[in-house]
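Trainee: quick check, what structure comes out for this input:
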Amino acid sequence: MNPVVWFEIPVKNLDKAKDFYEQVFGFTLNSQEMGPAKMAFFPMKDGPEPGAGGSLIAADGQTPSNSGTLVYFEVPDIEGTLKKIDEKGGKTVMPKMSIGQYGFIGHFEDCEGNRVGLHSM
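Mentor: Prediction:
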């Protein structure tokens, strides 16, 4: 079992960040208000599925950052995804790099200033 079950990516402008992630990754995020927080949930399946669920979150005390914890998204094509990111208002921080038998990684900064990772085999 993987120990991480949830992640949140802090944003200031939820609509802008939601649009960015939807355009880059091609999925729909579900927006909801949870008390004082506004959130946009990444797609997830119920039950014992690999990976962790997560969301974008706009709330007091949530500040975008390009240092600290790093979340990785699995993608089929890191270079193609980084190209989309650069076109949609993000920027490549670390281009595709081999991590040996574990595949490849790359890092980007999203439209809100968060550093996020990409992984592929």
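
Trainee: the strands in the chain, which residues?
Mentor: Per DSSP state E, the chain carries strands over the ranges 6-10, 30-34, 37-41, 53-58, 72-74, 91-98, 104-109, 115-120.

Trainee: got TSV for the ones you listed, with mean neighbour count too?
Mentor: Backbone N, C-alpha and C define where each C-beta goes, glycine included. As requested, the strands of the chain are exported to TSV (neighbours: other Cβ atoms under 10 Å):
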stretch	mean neighbour count
strand 6-10	15
strand 30-34	12
strand 37-41	19
strand 53-58	20
strand 72-74	15
strand 91-98	13
strand 104-109	20
strand 115-120	18
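
Trainee: what's the closest of the ones you listed to Thr81?
Mentor: Checking those against Thr81 by Cβ to Cβ gives strand 115-120 as the closest, at 5.7 Å.

Trainee: quick revisit: to Lys84, which of the strands of the chain lies closest?
Mentor: Here strand 104-109 is closest among the strands of the chain (Cβ to Cβ), at 9.8 Å.

Trainee: strand partners of the closest one, parallel vs antiparallel please.
Mentor: strand 91-98 (antiparallel), strand 115-120 (antiparallel) (DSSP bridges).

Trainee: can you pull the contacts of Lys84?
Mentor: Taking Cβ atoms under 8 Å, 6 or more residues apart in numbering as the criterion, Lys84 is in contact with 23-24.
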